[in-house]
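K.L.:
below is the sequence, then the predicted model.
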Amino acid sequence: MTLTSLGLTAEQERLYRFLLREPRSDMDRAAIDLRMPAARAVLAELEALELVDDLLTAVPPVAAVDLLVRRRMQQTQRQLAEMCLAWDVLTELSEEHRSGRSVQLVEHLPDGQAVTRRMHTLMNEDPGEFAHLKERAFYAETGYATPTFKGFLGRGLRSRTLFSARALDDPAQELFARSMGALGDLHRATTEPIRHLAIVNRAVAFIQADPADPKAGALQIRQPGVVAMLADVFDGMWERARDLDDLPLSPIEQQVLHALTRHDTDEAAARSLNISVRKFRAHIADLMARLGAATRFQAALLAKGRGWL
């Protein structure tokens, strides 16, 4: 085996071996002995490779081989990375062949409507899996609760939605999340920072083009490595998030629940909390819906079972 297999040229190896035998040799003499007119240029190459020091002494063979092997491995890794890009091209070409339209691994979509249309197209072709990370469970201006999306759920779409626990300050958010959960779009709430993200079939991801500018549109990403990483991030957040039934009570909910058990009438309970009877009863209705209770007595028993009382 020669050092050429580790990336050296034949002339570089000859000069390195010469300097191993005769350190600090004169380069004019080396050029004559090795019949190498360009000995000084080859020496410069060996110095650049750190195989010869400033004193014209070759580094020990163990260090030289270790250095060359490491360099060779780095070159091989770069080549493999370049070859792996071919799979990205294959993904892109296959999608173009399947869809009959031009496909880019990263594509800018101008607005939310364009994003919704693109996601619906993907889910219509294959209603497999949908993952969504957003600030609120319900946005009046979007179409995720449209008959179209509900139709995908009916066809077997497995959907998971993560939204910020702060949104639960609005009771309508929880009611919507529960209604969608009943249709198959599972919802959980998270206290972690939120960046809008949607992933279709773990193959195509959608992120905000500029989080600081809601009007900047979105990026559709098909690059497999990036999509896989985003899917892993979502899965981790999903595992750490809490089901709607496991969420802690808000301070006002805790006060309402305790008032319910301590007072004989709604009027007295509402007065103790300094809220209207109508507001008190609305809180009770929300708590009963959250607990799945048919009566107030049942709600109290279920709340006690969860440690809320």
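P.N.:
Good, I have the coordinates. Numbers count the residues shown, from 1 in each chain.

K.L.:
how far out from the middle of the chain is stretch 155-162?
P.N.:
A distance of 17 Å separates the C-alpha centroid of stretch 155-162 from that of its chain, computed with CA atoms, centre = their mean, to the nearest Å.

K.L.:
what's the mean pLDDT across that stretch?
P.N.:
Rounded to a whole number, the mean pLDDT of stretch 155-162 is 94.

K.L.:
and that stretch, what's buried?
P.N.:
Leu157, Ser159, Arg160, Thr161, Leu162 (16 or more other CB atoms under 10 Å). Any C-beta I mention is one placed from the backbone N, CA and C, and that applies to glycine too.

K.L.:
which ones among those residues map onto strands?
P.N.:
Members of the buried residues of stretch 155-162 lying in strands (criterion: DSSP state E): Ser159, Arg160, Thr161, Leu162.

K.L.:
okay, those in TSV with distance to Gln298 next?
P.N.:
Written out in TSV, the entries for these read as follows (distance: CB to CB, whole Å):
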residue	distance to Gln298
Ser159	31
Arg160	30
Thr161	29
Leu162	30
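
K.L.:
list the contacts for Leu19?
P.N.:
Neighbour list for Leu19: Ser25, Ala30, Leu46, Val52, Leu56, Thr57, Ala58 [criterion: CB atoms under 8 Å, 6 or more residues apart in numbering].

K.L.:
check which element follows the helix or strand it falls within along the chain.
P.N.:
Assigned by DSSP states H and E, Leu19 belongs to helix 10-21. Note on helix 10-21: by DSSP H and E, the next helix or strand toward the C-terminus is helix 27-33.

K.L.:
which residues touch that next one?
P.N.:
Residues external to helix 27-33 that are found in contact with it (CB under 8 Å, 6+ apart): Leu15, Phe18, Leu19, Met36, Pro37, Ala38, Ala39, Arg40, Leu43, Leu56.

K.L.:
can you give me the pLDDT of the third one?
P.N.:
This points to Leu19. 90.

K.L.:
look up how far Glu13 lies from it.
P.N.:
When distance is defined by CB to CB, to the nearest Å, Leu19 is 11 Å away from Glu13.

K.L.:
can you check the fifth one too?
P.N.:
For Pro37, the distance to Glu13 under the criterion CB to CB works out to 17 Å.

K.L.:
point out where the stretch 201-309 of the chain drops to low pLDDT.
P.N.:
Within the stretch 201-309 of the chain, no range satisfies pLDDT under 70.

K.L.:
mind doing that once more with 90?
P.N.:
Judged by pLDDT under 90, the stretch 201-309 of the chain has its weakly predicted residues at 209-217, 222-226, 242-264, 277, 280, 282-309.

K.L.:
strands of that one, start to end?
P.N.:
When assigned using DSSP state E, counting those that start in this stretch, the strands of the stretch 201-309 of the chain occupy the ranges 204-208, 218-221, 242-243.
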